[in-house]
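Student: Sharing a model that was predicted from the sequence below.
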Amino acid sequence: MDRSKIKILFHTIKYLKPIQIYYRIFYFVRNRFFKKSYGKKLPEAFSNLEWNDFILNFDTYSSNNSFTFLNVSKHFENQIDWNFDEHGKLWSFNLNYFDFLNQMNINVEEGLKLIKDYISKDEVLKDGKESYPISLRGINWVKFLAKHQISDKDIDQNLYNHYQILLFNPEYHLLGNHLLENGFAFLFGSYYFKDERFYKLAVKILKKELEEQVLNDGGHFELSPMYHQIMLFRVLDCIQLIKLNAWKNDDLLLFLEYTASNMQAWLKEVTFYNGSIPMVNDSSYGIAPTTAALLNYGRHLGLKVKEVKLSDSGYRMLKNDDFELFVDVGNVGASYQPAHVHSDTFNFVLYVNNTPFFVDTGVSTYEKNQLRQMERSTSSHNTVQIGDVDQTQVWGGFRVAERAKIIDFNEVKGRVEATHNGYKSLGVNHTRSFCLHKKNIVINDSFSKKVDNCKVAYFHFHPSITNVTIENSKVFIENKNLELLFKSENVSIEKGIYKFACGFNKTLDAIKLKVLFESSLETTIQL
C-alpha cells in the first residue's frame, strides 16, 4: 500500500469510536471461526398487538411477484429470488425490508403469501439476515401481523429466530442510524413477544443514541434531511406503539415524545414553503414520508410543534417573501459515521417564489463507483473549489478521510459568514458570507491568502430553469425576472450541463455555471 493510501486510511480510522473498532474485530473473528445457531423456542404465550397505520409506505409491489425499488423494476417469473443482487446491494436490501407489506395496494392474502415464501427460503437467505434488513423487516412484519390480527406459529417462530440474530449482532460497529434502527426494531419485537431482553436493549439503545444523535436544535446528527424524516417516522411509530398497547409503565414514552417534538421543530424549519426538503447529504426523492405527513402524524399523537433556532446542525434557513435560502455552514456529521457526508461545505439551495432555483445535485446511486464519487464531490455542489482539490476527502462510496472544519463563524439577522480550512493542503482558508436583502441575495467569497490555483464557484440550476443567457459578467434567467451579477478580477463564466438526480437511478439534464475568478468573488442574485 502506497503512502497516500495509508494517509487516507489513517485520517478515516482516527475518527472512529473505540467501540466501533472493537466490534468490527469481534464480529469478524466470531463469525469467521465460531458459527452460532440462532434458533430459540417461542415464548409460551403472547397476545396480539393493536396497530393502526397512520402513514403507509410507498407502493413497491404489484401482483405476480413484481417489485420496484429505487426506480428499477424486477419481475420474478417463477419464484422470488430473495437474494437477487443484479441491481445492487441497496435494491436487494429493499427487497428484504418488506416495506410493501404496509403499502396501500396490497391485500392480506398477498402479504401472507410473500411472508411464507420468504420463510421457506430461510436457509439460503443472505442479505436478508444482516442486522439492518432484519430490523426494518421486523418492524414491518409486526405492523402487518398486528394490524390484521394474524396469529401464525411458523411466522412467529421465524420472526423470533431473526430477532435472536439481531440480539447477538446489534450494529455497534457502525453506530449512527443503523444502531437506532436496531433499537426501534427491538422495541417492536419486545412488545410483540413480550420479551424483557428485547425491551431492556431497546430502552438502552434508544435513550443513549437519541440523546446523542438528536442535536440541540433537533436535527439528526448525520445531517441528511431525508434520514431525519425516516428517524422521526420511527420515533412517531414507537410513540403510537406504546400508546396503543399497555404493557410498560416507565418514562420511555415521555422521552420519545420530547425527542419527536424537537425533531419536528427542526424539520419544519428546514422545509421549504412548498413542502420540499433540501436534498443534501444523500437525501433523495420518494424514500421518506413528507414533512407535512410527519407533522400531521405528530398532531395525531398529541405532540405540539415547537419553534426552534437552527444552531449546532450547521444549517441555516434565511427567508423573506421572495427568497428561501438554505445554507450549510457546519462541520462534517457525524464525525465517526460520515457515510452520507458530501464534500459540500458552504453549499446552498435557493427557492425563489416557492419554486426551486439553485439546487443540490442529489444522489442517483449508492453503488461504490465513479458516479457516486462524483455526486459527493465539491464540484457537484454550489460552493467553491480550488484547483482539483476537494474540501473533504470522500472515498470508497461511504468513507471520509481529511475533512473541512469550520474555524470561524458569525451571524446576525439576515446574514451568516463562516470560514473553513478544507484547503489547508494549499495553505489557504475559504470564507463565504450570505446576506439576504428584500430583493436580492449577496454571496461573498474570499481567501486568507493568494494562491495560483484556479478558483471555481459552481451554481447548479434546477432542471426547470432552461433559458440562461450570459452577457459579460451577468447572467439572465428568462421568464423568471431574475439575474445574477458576478464581480471579481478577470471573472469568466462558463455554461454546462450536469445530471440532476431526481431519485435513485433517475436523472435529468440541467444547466450549471462555472464561474472562474482569481482573488475574491461577489455574487448578487436579484429580482
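Tutor: Right, received. Where do you want to start?
Student: This structure: helices as residue ranges?
Tutor: 3-13, 18-33, 89-97, 108-120, 131-147, 153-167, 176-193, 196-213, 225-244, 252-270, 291-300, 370-376 (DSSP state H).
Student: Show me the shaky parts of this protein.
Tutor: Along the chain, segments meeting pLDDT under 70 span 1.
Student: tell me, what residue is most central in it?
Tutor: Tyr227 (3.3 Å; C-alpha atoms, centre = their mean).
Student: hmm, back to that, output the helices of the chain in JSON lines; the columns should cover distance to Phe409.
Tutor: C-beta: built from backbone N, CA, C; applies to glycine. Listed next are those as JSON lines, based on distance: least, C-beta to C-beta, whole Å:
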{"stretch": "helix 3-13", "distance to Phe409": "23"}
{"stretch": "helix 18-33", "distance to Phe409": "29"}
{"stretch": "helix 89-97", "distance to Phe409": "35"}
{"stretch": "helix 108-120", "distance to Phe409": "50"}
{"stretch": "helix 131-147", "distance to Phe409": "35"}
{"stretch": "helix 153-167", "distance to Phe409": "41"}
{"stretch": "helix 176-193", "distance to Phe409": "25"}
{"stretch": "helix 196-213", "distance to Phe409": "22"}
{"stretch": "helix 225-244", "distance to Phe409": "21"}
{"stretch": "helix 252-270", "distance to Phe409": "18"}
{"stretch": "helix 291-300", "distance to Phe409": "27"}
{"stretch": "helix 370-376", "distance to Phe409": "24"}
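Student: and those helices, which is most packed in?
Tutor: helix 176-193 (a mean of 24; mean count of other C-beta atoms under 10 Å).
Student: Remind me what it packs against, helices and strands.
Tutor: helix 131-147, helix 153-167, helix 196-213, helix 225-244 (3 or more C-beta pairs under 8 Å, 6 or more residues apart in numbering; DSSP states H and E).
Student: Of the ones you listed, which is nearest Leu114?
Tutor: Closest of the helices and strands packed on helix 176-193 to Leu114 is helix 131-147, at 9.9 Å (criterion: C-beta to C-beta).
Student: From what I see, the residue nearest to the centre of the chain and Asp282 are in contact.
Tutor: Yes: at 7.3 Å, Tyr227 and Asp282 qualify as touching, with contact defined as C-beta atoms under 8 Å.
Student: if I look at these two, which residues touch both of them?
Tutor: Common neighbours of Tyr227 and Asp282 (criterion: C-beta atoms under 8 Å, 6 or more residues apart in numbering): His340.
Student: thinking again about what came up before, now the residue nearest to the centre of the chain. Nearest residue, chain neighbours left out?
Tutor: Asn177 (5.7 Å; C-beta to C-beta, 6 or more residues apart in numbering).
Student: got the CA positions of stretch 230-240 in PDB?
Tutor: C-alpha atoms of stretch 230-240 as PDB (Å, rounded to 0.1, in the frame of the first residue of the first chain):
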ATOM      1  CA  ILE A 230     -37.000   8.500   8.400                       C
ATOM      2  CA  MET A 231     -35.800   8.600  12.000                       C
ATOM      3  CA  LEU A 232     -38.600  10.900  13.000                       C
ATOM      4  CA  PHE A 233     -41.100   8.500  11.400                       C
ATOM      5  CA  ARG A 234     -39.700   5.600  13.500                       C
ATOM      6  CA  VAL A 235     -39.900   7.700  16.700                       C
ATOM      7  CA  LEU A 236     -43.500   8.500  16.000                       C
ATOM      8  CA  ASP A 237     -44.300   4.900  15.300                       C
ATOM      9  CA  CYS A 238     -42.700   3.900  18.600                       C
ATOM     10  CA  ILE A 239     -44.900   6.500  20.400                       C
ATOM     11  CA  GLN A 240     -48.000   5.100  18.800                       C
END
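Student: Give me the contacts around that stretch.
Tutor: By C-beta under 8 Å, 6+ apart, stretch 230-240 touches 51-52, 54-55, 139, 177, 180-181, 184, 187-188, 206, 210, 213, 220, 253, 256-257, 259-260, 263-264, 267, 287-289, 294, 297-298, 301, 303.
Student: mind redoing it with 6 Å?
Tutor: 184, 187, 220, 256, 259-260, 263, 288-289, 294, 297, 301 (C-beta atoms under 6 Å, 6 or more residues apart in numbering).
Student: want to try a markdown table for those residues, with distance to Leu310 as columns?
Tutor: Formatted as a markdown table, the contacts of stretch 230-240 follow (distance: C-beta to C-beta, whole Å):
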| residue | distance to Leu310 |
| --- | --- |
| Phe184 | 26 |
| Leu187 | 29 |
| His220 | 13 |
| Leu256 | 23 |
| Thr259 | 17 |
| Ala260 | 18 |
| Met263 | 13 |
| Ala288 | 20 |
| Pro289 | 21 |
| Leu294 | 18 |
| Tyr297 | 22 |
| Leu301 | 24 |
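Student: so which of the residues you listed comes closest to Ala404?
Tutor: His220 (20.3 Å).
Student: In space, what's closest to the closest one - neighbours in sequence excluded?
Tutor: Per C-beta to C-beta, 6+ apart, closest to His220 is His228, 4.2 Å.
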